[in-house]
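# sequence and predicted model, in that order:
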Amino acid sequence: MESAASAKPDPVRVAVFASGRGSNADALVRFSFRPEALYRIVLILSNNSTAGVREVAHRYSIPFVHLSSATHPNPDDYVVALLHTLESHAVELIALAGYLKKVPPAVVHAYRGRILNIHPALLPKFGGPGMYGLHVHRALLQAGETYTGASVHLVDEEYDTGPVIAQIRIPISPDDTPESLAARLLPYEHELYPLVLNQYARILRHC
Ligand code: GRF
């Protein structure tokens with residue numbers, strides 16, 4: 001008979017927020033099916049109704065919700081709808097994965113320390129407003145960096161300023177372009193993010 005101490009806790013309920021193609025969302029979902037997974041993706045939310053991540057949600061039969069200024073032109077209504085959506089799916093943890101919209105302060109407040117993001121650079125370098133996608137890789141090549149990487153960090157009220165939890169570092173080669181860097185980094189992001197999210201879920205359950 002299994003003892004109470006060895007019983008697996010209920011998986012932590014995670015919402016993924018994404019604006020684009022959703023490859024990190026896909027990696028997070030795929031990891032969640034592994035036996036060692038301690039979280040489950042219960043919601044995928046996007047500010048873009050036609051984003052590729054919608055297909056990811058569809059593929060795995062995960063509820064997809066589109067919330068933006070198009071669905072809620074009034075910012076206060078938008079925040080209420082966002083909080084209500086998270087509450088109605090009993091979300092415990094949020095993972096941003098290429099989410100380009102700022103998380104409203106009320107949501108940061110409600111989920112303080114429970115919102116993670118992945119950024120395609122070694123924060124605190126090359127973060128902040130406008131630092132997304134190829135802009136990041138272009139900027140660090142222009143700055144003559146010899147290493148880059150990906151960072152998983154906690155989300156606060158500003159872009160990319162919350163505490164870094166984990167990083168993976170890769171060398172830049174002289175013939176790298178913004179496109180080649182983005183492509184080379186992506187598989188590392190897909191490895192790193194689920195592992196960090198899973199560890200975070202473990203800590204949440206044991207505190
Ligand atoms: C990734 O490079 C991630 O680090 C950044 O946005 C990109 C999203 O890519 N935050 P995808 O939509 O997960 O494929």
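That came in fine, so what should we check first?

# please give the element, helix or strand, for the closest residue to the ligand within the chain.
Nearest to the ligand in the chain, going by C-beta to the nearest ligand atom, is G98, at a distance of 2.6 Å. Quick note: C-beta positions are derived from backbone N, CA and C, even for glycine. Using DSSP states H and E, G98 sits within no helix or strand.

# wait, isn't it in contact with D26?
No - with contact defined as C-beta atoms under 8 Å, G98 does not count as touching D26 (11.1 Å).

# mind checking which of these two has more residues around it?
Neighbour count, other C-beta atoms under 10 Å: between G98 and D26, G98 has more, with 25 against 21.

# so what pLDDT did the nearest residue to the more buried one once chain neighbours are set aside get?
Of all residues not flanking G98 in the chain, G20 sits nearest, at 4.6 Å (C-beta to C-beta, 6 or more residues apart in numbering). As predicted, G20 sits at a pLDDT of 97.

# next up, the contacts around G20.
48, 51-53, 98, 100 (C-beta atoms under 8 Å, 6 or more residues apart in numbering).

# of those - the most surrounded one?
That'd be V53 among the contacts of G20, by other C-beta under 10 Å, with 27 neighbours.

# for the closest residue to that residue other than its chain neighbours, give its distance to F64.
In space, V53 comes closest to G22 once its chain neighbours are excluded; the distance is 2.9 Å by C-beta to C-beta, 6+ apart. For G22, the distance to F64 (C-beta to C-beta, to the nearest Å) stands at 10 Å.

# give me the common contacts of the two.
44, 53-54.

# report the beta-bridge partners for the spatially most central residue of the chain.
What sits nearest the mean C-alpha location of the chain, by C-alpha atoms, centre = their mean, is L96, with 2.6 Å. In this entry, L96 is beta-bridged to F17, N117, by DSSP bridges.

# residue contacts, it?
16-18, 103, 115-118, 155.

# now, which of the contacts of G20 sits nearest I203?
G98 (24.3 Å; C-beta to C-beta).

# can you pull the pLDDT of that closest one?
pLDDT, G98: 97.

# same question, H206
Predicted confidence (pLDDT) for H206: 86.

# name the nearest residue to V155, sequence neighbours excluded.
I115 (3.9 Å).

# H153 is in contact with the one you found, correct?
No - taking contacts as C-beta under 8 Å, I115 lies outside contact range of H153: 9.7 Å.

# can you report how many residues lie near S61?
Counted with other C-beta under 10 Å, S61 comes out at 7.

# hang on, it in a strand?
No - read with DSSP: H, G, I helix; E, B strand; the rest coil, S61 is coil and lies in no strand.

# how close does it get to T71?
22 Å.

# can you check L45 too?
11 Å.

# which of the two has more residues huddled nearby?
L45 (26 against 13).

# so which residues of the protein form strands?
Secondary structure of the chain, counting by DSSP state E: strands at 12-17, 39-46, 64-66, 93-96, 115-119, 147-154, 164-171.

# kindly reformat those as TSV containing distance to A182.
Below are the strands of the chain laid out as TSV (distance: least, C-beta to C-beta, whole Å):
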stretch	distance to A182
strand 12-17	20
strand 39-46	20
strand 64-66	25
strand 93-96	18
strand 115-119	12
strand 147-154	10
strand 164-171	12
